[in-house]
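> Need the 3D shape of this:
(chains A and B)
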Amino acid sequence: NAGVTQTPKFQVLKTGQSMTLQCAQDMNHEYMSWYRQDPGMGLRLIHYSVGAGITDQGEVPNGYNVSRSTTEDFPLRLLSAAPSQTSVYFCASSASTGWSTEAFFGQGTRLTVV
Amino acid sequence: AQSVTQLGSHVSVSEGALVLLRCNYSSSVPPYLFWYVQYPNQGLQLLLKYTSAATLVKGINGFEAEFKKSETSFHLTKPSAHMSDAAEYFCAVRDPFGNEKLTFGTGTRLTIIP
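Numbers count the residues shown, from 1 in each chain, chains lettered A, B, ... in the order given. A predicted model of the protein is given here:
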């Protein structure tokens, strides 16, 4: 069982470039989300989705775009990369069966914008 | 909005000593609380969760946490630290009346001294 799979694991971008971080889960979870992790700031929510076709903004959505065409996939798009987007990005999924449901995390994508 | 505060961004303990990592939450109603662990260059893994069924919660790897409503705390403890416990630990809260978003604390890095 693969769980939550993120690709790529590492990426270097030049300022102004665009790219898509991929996230896929094989647990049939309805809820998926993207976080960024920065030193001393914990994990901050970028965007989330409660099901296919439904997305919403989190705490730090500016500069990012998402879509959810299938239950399995939840890609995160950087429209025009900026150095401030240098971070480690985590995708997570959980079953929408209750508030105590555990969130499962991918291994992360380490992004550097130069 | 729900939030959690983790006191101490870095904690060092000797191998075999007690581990105590602090987490306080802000909420007018009992929230759902979680502790996650992140080993170097990995994603987050659930240690334990509080769901109001019991105030003392036991998790994996010998960790446990006690929910204290009077102190709005959910501190993580382990009686005897092991070298393999070196990691970053995150407290998180989910709003029982909101959507399924998890809000994370800023994390505590635990170092084990041989």
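> From B:His75, how far off is A:Ala95?
In this structure, A:Ala95 and B:His75 are 28 Å apart, going by Cβ to Cβ, to the nearest Å. Just so you know, the C-beta spots here come from the backbone N, C-alpha and C atoms, and that holds for glycine as well.
> Show me what the helix or strand where A:Arg36 lies is in contact with.
Element membership for A:Arg36 (DSSP states H and E) is strand A:31-38. The list of residues contacting strand A:31-38 from outside it, by Cβ atoms under 8 Å, 6 or more residues apart in numbering or on different chains, reads A:21, A:23, A:25, A:43-51, A:58, A:60, A:64, A:66, A:68, A:74, A:76, A:85, A:87-96, A:103, A:108, B:100-102, B:104.
> Among those, name the buried ones.
Buried positions within those, assessed by neighbour count (16 or more other Cβ atoms under 10 Å in any protein chain shown), are A:21, A:23, A:25, A:43-50, A:58, A:60, A:64, A:66, A:68, A:74, A:76, A:85, A:87-94, A:103, A:108, B:100-102, B:104.
> Quick one: low-confidence residue ranges for the chain.
By default, I'm working from chain A. Across chain A, the stretches falling below the confidence threshold (pLDDT under 70) are A:1, A:97-100.
> was after chain B, sorry
For chain B (pLDDT under 70), the answer is B:28-30, B:96-100.
> Close to chain A: what parts of it are there?
Taking Cβ under 8 Å from any Cβ of the partner chain as the measure of proximity, chain B contacts chain A at B:6, B:9, B:32, B:34, B:36, B:41-46, B:49, B:51, B:90, B:94, B:96, B:99-107.
> quick one: contacts for A:Pro61?
A:46-47.
> so which helix or strand takes in it?
Here A:Pro61, judged by DSSP H and E, is contained in no helix and no strand.
> Report the inter-axis angle for the host helix or strand of B:Tyr89 versus strand A:31-38.
Assigned by DSSP H and E, B:Tyr89 belongs to strand B:87-94. Counting by axes from the mean of the first three to the mean of the last three Cα atoms, to 10 degrees, strand B:87-94 points 130 degrees away from the direction of strand A:31-38.
> Give the partner strands of strand B:87-94 in its sheet and their orientations.
Strand B:87-94 sits in its sheet next to strand B:32-38 (antiparallel), strand B:102-104 (antiparallel), strand B:108-113 (antiparallel), going by DSSP bridges.
> quick one: contacts of it?
Applying Cβ under 8 Å, 6+ apart, the contact partners of strand B:87-94 are A:42-43, A:99-100, B:2-4, B:6, B:21, B:23, B:25, B:27, B:31-40, B:44, B:47, B:74, B:76, B:100-105, B:107-110.
> For residue 56, list each beta-bridge partner.
Since no chain was named, I'll use chain A. Under DSSP bridges, the beta-bridge partners of A:Asp56 are A:Tyr48.
> Please refer instead to chain B.
As for beta bridges, B:Leu56 partners with B:Glu66 under DSSP bridges.
> What residues does it make contact with?
Counting by Cβ under 8 Å, 6+ apart, B:Leu56 has contacts B:64-67.
> So which residues on chain A come close to chain B?
Within chain A, the positions adjacent to chain B are A:4, A:31, A:33, A:35, A:40-45, A:48, A:50, A:56, A:58, A:90, A:92, A:94, A:96, A:99-103, A:105-108 by Cβ under 8 Å from any Cβ.
> Could you rerun that using 7 Å?
Residues of chain A found near chain B (Cβ under 7 Å from any Cβ of the partner chain) are A:31, A:40-43, A:45, A:48, A:50, A:58, A:90, A:94, A:96, A:99-100, A:102-103, A:105-108.
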